[in-house]
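Undergrad: structure for this input, please:
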Amino acid sequence: MLLRFDGEIWHWRGPAPYHFVTVPPAEAAQIAEVAPMVTYGWGMIPAAVTIGATRVTTALWPKDGAYVVPIKKALQDAEQLGVDDVVTVVLEIDA
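TA: Predicted structure coming up:
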């Protein structure tokens, strides 16, 4: 499954801070259809994420009935990304 969407980077200030982009509802619904076949537990969905010229592997996190894409530090540094930046995300999920 290959999905492409735009989203804003936001910061979660939990005990271990993370940066995320929220998957839009239409794409989240497509992911939910394949989730039972690809999750490795807790609803986590393994995926490859490409922003700009940089590709990393990660896992989508379930949140509030949808999914969020963690924006790893390596991706932030390579693409010079920060909170509130709007990015085009390409997700690859082996389904």
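
Undergrad: just the strands from the protein, written as ranges.
TA: All strands of the chain, identified by DSSP state E, fall at 2-12, 18-22, 45-51, 54-63, 66-70, 86-92.

Undergrad: now do the spatially most central residue of the chain against residue 38, distance only.
TA: Closest to where the C-alpha atoms of the chain average out (C-alpha atoms, centre = their mean) is residue 69, at 1.7 Å. Separation of residue 69 from residue 38 (C-beta to C-beta, to the nearest Å) stands at 15 Å. (Each C-beta comes from the backbone N, C-alpha and C, glycine too.)

Undergrad: what do you get for residue 44?
TA: Distance, residue 44 to residue 38, by C-beta to C-beta: 9 Å.

Undergrad: same check on residue 30?
TA: To residue 38, residue 30 is 12 Å away according to C-beta to C-beta.

Undergrad: also residue 63?
TA: According to C-beta to C-beta, residue 63 and residue 38 sit 17 Å apart.

Undergrad: show me where pLDDT drops low in the chain?
TA: Where the chain drops to pLDDT under 70, the residues are 16.

Undergrad: how about 50 then?
TA: Along the chain, the model assigns pLDDT under 50 to no residue.

Undergrad: scan it for its longest helix.
TA: For the chain, the longest helix by residue count, based on DSSP state H, is helix 25-38.

Undergrad: helices or strands up against that one?
TA: strand 2-12, strand 45-51, strand 66-70 (3 or more C-beta pairs under 8 Å, 6 or more residues apart in numbering; DSSP states H and E).

Undergrad: and residue 87, which of these is closest to it?
TA: Nearest to residue 87, of all the helices and strands packed on helix 25-38, is strand 45-51, at 5.0 Å by C-beta to C-beta.

Undergrad: residues in contact with the closest one?
TA: For strand 45-51, contacts defined as C-beta atoms under 8 Å, 6 or more residues apart in numbering pick out 31, 35, 38-40, 55-60, 62, 67, 69, 71, 75, 79, 81, 87-94.

Undergrad: just the buried ones from these, in ChimeraX syntax?
TA: Burial among the contacts of strand 45-51 is assessed by 16 or more other C-beta atoms under 10 Å; the matching ChimeraX selection reads:
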select :31,35,38,56,58,59,60,62,67,69,71,75,79,81,87,89,91,93
